[in-house]
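S.K.: please work out how this folds:
(one chain, ligands or ions: 1)
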Amino acid sequence: MEIVATTTQSNDDLTPDFKLFLEESQIPYVPRQKSSLSRIQAEYQVQAVIVWEPSGPVMYINDTKFFFHPSMAKVRISACRKNNLMDPLVQACELKPKDHFLDCTLGLGADAIVASYFSPRGKVVGVESSIAVSHIVKWGMQLYKSNMPWLQEAIERVRVINQDHNQYLKDLDDNSYDIVYFDPMFRNPLLNSQAISPLREVANSAPLSEDAVLQACRVARRKVVIKERKGSSEFQRLNCTSVRGSTNNKVAYGIINTH
Ligand SMILES: C[S@@+](CC[C@H](N)C(=O)[O-])C[C@H]1O[C@@H](n2cnc3c(N)ncnc32)[C@H](O)[C@@H]1O
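M.R.: Model prediction:
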């Protein structure tokens, strides 16, 4: 997908953060010069335009906006804090406070932030292959300011890496993480999933490879966990040894215990 990045109409400054974003992402910069986004799109023949806004980068694509916001993570963690409910991801992974958690499909980062909250003395790394998604989420996380220290700290602990997990996993040592987690784009999407809708336009929707799961089993000290639609044949294809779900949840977690 062809993408360019620009400033807002009211502020043409290239701030140091924006320059760093452009350098890291290698997304071409175009001067705004008060143009509308549709004009920029037509002039540069691109499908999407990223605007550097004070709160972080926002990508405009096909009438939708894609930007980082921790709303889903906040709702999930709040439910655990207020009602003493355990999050299904945390249950499936049996996460412990010092765990090292590798999220191989970062997306909007909700799962990584939840894992980070429950592993405050461990580490969380999120790998994302889409250039736009990884850099927007990385900078969105970096610039996000919450008045809730527990949320702010959980976001700050997530380290974002732009790479395909098929390659990233190959380069890791054996047993270097406690949990390796995958949440690929579902083979049969849940069409009303609001949280994922803007992501669909830009995400890598390739199926999870058997080789990635094999590599993950080598890297994970305790578990490889795969999220999919409840009843998906992916759990069998990817050799999960058990599947964990609940009656009122449309998704389930395939689990491979590695030790
Ligand atoms: C369903 S989303 C993940 C949502 C995420 N768990 C969350 O809580 O926001 C799947 C993400 O994985 C990314 N992805 C798919 N295949 C990948 C790969 N081979 N390497 C890295 N990221 C990949 C997609 O681009 C997409 O952003």
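
S.K.: can you give me the strands in the chain?
M.R.: The residue ranges that make up the strands of the chain, judged by DSSP state E, are 3-7, 48-53, 56-61, 64-66, 100-103, 123-128, 158-162, 177-182, 220-229, 242-245, 251-257.

S.K.: L143: which of these is closest?
M.R.: strand 56-61 (4.3 Å; Cβ to Cβ). In this view, the C-beta of every residue, glycine as well, is placed from N, C-alpha and C.

S.K.: next, the angle from that closest one to strand 3-7.
M.R.: Angle, strand 56-61 to strand 3-7, by axes from the mean of the first three to the mean of the last three Cα atoms, to 10 degrees: 130 degrees.

S.K.: can you list the strands that strand 56-61 pairs with?
M.R.: strand 48-53 (antiparallel), strand 64-66 (antiparallel) (DSSP bridges).

S.K.: smallest gap between the stretch 51-200 of the chain and the ligand, at which residue?
M.R.: The ligand sits closest to G107 of the stretch 51-200 of the chain, with a gap of 2.6 Å, by Cβ to the nearest ligand atom.

S.K.: look up the closest residue to that residue, ignoring the ones flanking it.
M.R.: L199 (5.7 Å; Cβ to Cβ, 6 or more residues apart in numbering).

S.K.: might one say that the one you found is in contact with A132?
M.R.: No - when contacts are counted by Cβ atoms under 8 Å, L199 is not listed as touching A132 (10.1 Å).

S.K.: looking at those two, which one has more neighbours?
M.R.: A132 (23 against 18; other Cβ atoms under 10 Å).

S.K.: does that one really touch I50, like I thought?
M.R.: Yes - the criterion here is Cβ under 8 Å, and A132 meets it with I50 at 7.1 Å.

S.K.: quickly list what's touching both of the two.
M.R.: Residues within reach of A132 and of I50 at once, by Cβ atoms under 8 Å, 6 or more residues apart in numbering, are I3, I27, M59.

S.K.: tell me the pLDDT of the second one.
M.R.: For I27, the pLDDT comes out at 98.

S.K.: roughly how far does it sit from the ligand?
M.R.: Separation of I27 from the ligand (Cβ to the nearest ligand atom, to the nearest Å): 16 Å.

S.K.: how about that residue, nearest residue that isn't a chain neighbour?
M.R.: A5 (4.8 Å).

S.K.: quick check: beta-bridge partners of that neighbour?
M.R.: Applying DSSP bridges, one finds that A5 bridges with Y29, I50.
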